[in-house]
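Peer 1: Have a look at this prediction, sequence included:
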Amino acid sequence: MEKENAFQISVLASGSTGNSLYIETPKKKILVDAGLSGKKITSLLNEVDRKPDDLDAIFVTHEHRDHVHGVGVLSRKYNLDIYANNKTWQAMSPLIGNIALDHKHTFEMGKVLTFGDLDIESFGVSHDAAAPQFYRFHKDGKSFVVLTDTGYCSDHLRGIVRGADAYLIENNHDLEMLRSGKYPWSLKQRILGDRGHLSNEDGALMMSDVLTDQTKRIYLGHLSKENNLKELAHLTMENTLKEYDLGPGEAFQICDTDPEQATSLFAL
């Protein structure tokens, strides 16, 4: 791909212990969430030969700790702009500390923001946070969707995310591992509910509805440390898509993510 048109992504970390995604274009370098320590995110960026000094902004999806833990320290240390909707700002402000006024930006749900050479589309999801929203990033006819915390995907949501070039999609838990695991019943109910998290099966069925010939890569995200295995998530996605005559490994790739190791930079 021509360098001047490059649109690259790396899933720096994804899982129940912390989440951060790196997106780079010729004009902008951003994170989606920073749910690990500033030191760890710096280390993960180094794995793909990038550094936090070059970042322009962090786009926050919601206020849960595994998405905002490093937001404040990174903003203060590297003078980063932070974007989130108003309700998320209210909920996360006590968790991230003081942010300079000129670095605080409101990006409301359902809007499209032009940020350098990116058009960023925000959309709401069904999750137990103040006003959780995720993003579809558009550049030169290419797009990337990040959707890692939702318990339910409506037809409306499916329409918003259909036909992207690549996805980071939630595959949080294996149903049997969760049901037979050590979590208390109240927590199991929360995860299984409409404002919880997508299971491997849910994530796979979601992808069977929204991928098109345009889609080249599916990243499996936000796997639970206690209630999932990479192999189970991968196999469920692969087998489900094959059942719908969608051919992983031919038209597109299924890619694992990790809570401790960044994926290689991928150009859309």
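Peer 2: Cool, the structure landed. Residues are numbered from 1 along each chain as shown.
Peer 1: so Asn79 touches His103, yeah?
Peer 2: Yes. Contact criterion Cβ atoms under 8 Å: Asn79 and His103 qualify, at 6.9 Å. (Glycine included, C-beta is placed from N, CA and C.)
Peer 1: and Ala204, how many neighbours?
Peer 2: Burial of Ala204 is recorded as 25 neighbouring residues (other Cβ atoms under 10 Å).
Peer 1: next SSE after whichever strand or helix holds it?
Peer 2: Assessed by DSSP states H and E, Ala204 sits inside helix 200-210. The C-terminal neighbour of helix 200-210 among helices and strands, as given by DSSP H and E, is strand 217-221.
Peer 1: ok, longest helix in this structure?
Peer 2: helix 230-243 (DSSP state H).
Peer 1: ok and that one relative to strand 217-221, angle-wise?
Peer 2: Counting by axes from the mean of the first three to the mean of the last three Cα atoms, to 10 degrees, helix 230-243 lies at 140 degrees to strand 217-221.
Peer 1: pLDDT weak spots in the protein?
Peer 2: 1-5 (pLDDT under 70).
Peer 1: mind listing the helices for the stretch 51-200 of the chain?
Peer 2: With DSSP state H, counting those that start in this stretch as the criterion, the stretch 51-200 of the chain has helices at 65-68, 71-78, 86-96, 155-161, 175-180, 185-192, 200-210.
Peer 1: same for the first one, what does it pack against?
Peer 2: Identification of packing neighbours for helix 65-68 by 3 or more Cβ pairs under 8 Å, 6 or more residues apart in numbering; DSSP states H and E yields helix 86-96.
Peer 1: What distance do you get for the residue positioned nearest the centre of the chain to Ser122?
Peer 2: The residue lying closest to the centre of the chain (Cα atoms, centre = their mean) is Val146, at 4.0 Å. To Ser122, Val146 is 11 Å away according to Cβ to Cβ, to the nearest Å.
Peer 1: Which neighbours do these two have in common?
Peer 2: Counting by Cβ atoms under 8 Å, 6 or more residues apart in numbering, the common neighbours of Val146 and Ser122 are Phe134, Tyr135.
Peer 1: residues touching the closest residue to Thr114 other than its chain neighbours, list them.
Peer 2: Closest residue in space to Thr114, ignoring its immediate chain neighbours: Ile120 at 7.7 Å, by Cβ to Cβ, 6 or more residues apart in numbering. Going by Cβ under 8 Å, 6+ apart, Ile120 touches Phe59, Phe107, Val112, Leu113, Thr114, Tyr135, Arg136, Phe137, His138.
Peer 1: Next step: these restricted to strands.
Peer 2: Phe59, Val112, Leu113, Thr114, Tyr135, Arg136, Phe137, His138 (DSSP state E).
Peer 1: Which PyMOL command selects the buried ones in the residues you listed?
Peer 2: Of the ones in strands among the contacts of Ile120, the buried ones go into a single PyMOL selection, burial set by 16 or more other Cβ atoms under 10 Å:
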select buried, resi 59+135+136+137+138
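Peer 1: would CSV of the ones in strands among the contacts of Ile120 with distance to Asp194 be doable?
Peer 2: Output for the ones in strands among the contacts of Ile120, formatted as CSV (distance: Cβ to Cβ, whole Å):
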residue, distance to Asp194
Phe59, 25
Val112, 26
Leu113, 28
Thr114, 33
Tyr135, 21
Arg136, 22
Phe137, 26
His138, 28
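Peer 1: closest to Ile218 among the ones in strands among the contacts of Ile120?
Peer 2: Arg136 (14.7 Å; Cβ to Cβ).
Peer 1: circling back to that earlier point, so which of the ones in strands among the contacts of Ile120 is the closest to Glu170?
Peer 2: Nearest member of the ones in strands among the contacts of Ile120 to Glu170, counting by Cβ to Cβ, is Tyr135, at 13.9 Å.
Peer 1: Distance of that closest one relative to Lys182?
Peer 2: 34 Å.
Peer 1: cool, and Leu241?
Peer 2: As for Leu241, its distance to Lys182 is 31 Å (criterion: Cβ to Cβ).
Peer 1: With neighbour numbers in mind, choose between these two.
Peer 2: Between Leu241 and Lys182, Leu241 has the larger neighbour count (other Cβ under 10 Å), namely 22 against 8.
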